[in-house]
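Asks: Give the three-dimensional model of this entry:
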Amino acid sequence: MHEASVQGFVRTILIFIIIYYAVKLIGRFVAPLIFKRFVGKFEERVRNQQQQNSAKSDEKIGETTIDKTSVKSSKESNTVGEYVDFEEVDE
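Replies: Next comes the predicted model:
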């Protein structure tokens with residue numbers, strides 16, 4: 001069996017402390033860059049949506065427009081079956 005030495009324990013603790021502060025320092029510089037990137041993409045999406053909405057609202061005031069997206073066929077298929085009305089019978 002190996003016995004733990006004080007020197008090895010102190011060395012391990014120092015490594016953990018160095019790693020902790022290195023991650024903290026890197027996070028302090030990298031996190032704002034990542035945040036700015038996400039905010040920039042979000043702003044771009046909002047700007048695109050606003051441009052699309054403003055393009056739609058460029059119509060004249062009082063003008064009526066109807067946008068038909070789909071045309072339904074006049075024949076409706078009834079695949080469920082016939083509707084039968086039942087009455088209760090008292091005995």
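Asks: Identify the residue nearest the geometric centre of this protein.
Replies: Residue closest to the mean C-alpha point of the chain, counted by Cα atoms, centre = their mean, is residue 42 at 11.2 Å.
Asks: before we move on, which element is that residue in?
Replies: Element membership of residue 42, judged by DSSP states H and E, is helix 6-56.
Asks: for stretch 12-24, what is the average pLDDT?
Replies: The average pLDDT for stretch 12-24 rounds to 96.
Asks: and stretch 38-54, which residues are buried?
Replies: Counting neighbours by 16 or more other Cβ atoms under 10 Å, one finds that stretch 38-54 has no buried residues. For the C-beta atoms, the positions are set from N, CA and C on the backbone; glycine is no exception.
Asks: Only the C-alpha atoms, please, for it, written as CSV.
Replies: The C-alpha trace of stretch 38-54 is given here as CSV (Å, rounded to 0.1, in the frame of the first residue of the first chain):
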residue,chain,number,x,y,z
PHE,A,38,-25.7,35.5,-29.1
VAL,A,39,-27.1,39.0,-28.6
GLY,A,40,-25.9,40.0,-32.1
LYS,A,41,-27.7,37.0,-33.7
PHE,A,42,-30.9,37.7,-31.8
GLU,A,43,-30.8,41.4,-32.8
GLU,A,44,-30.3,40.3,-36.5
ARG,A,45,-33.4,38.0,-36.3
VAL,A,46,-35.5,40.7,-34.7
ARG,A,47,-34.3,43.2,-37.4
ASN,A,48,-35.2,40.7,-40.2
GLN,A,49,-38.7,40.2,-38.7
GLN,A,50,-39.3,43.9,-38.5
GLN,A,51,-38.2,44.4,-42.1
GLN,A,52,-40.6,41.6,-43.2
ASN,A,53,-43.5,43.2,-41.1
SER,A,54,-42.8,46.6,-42.5
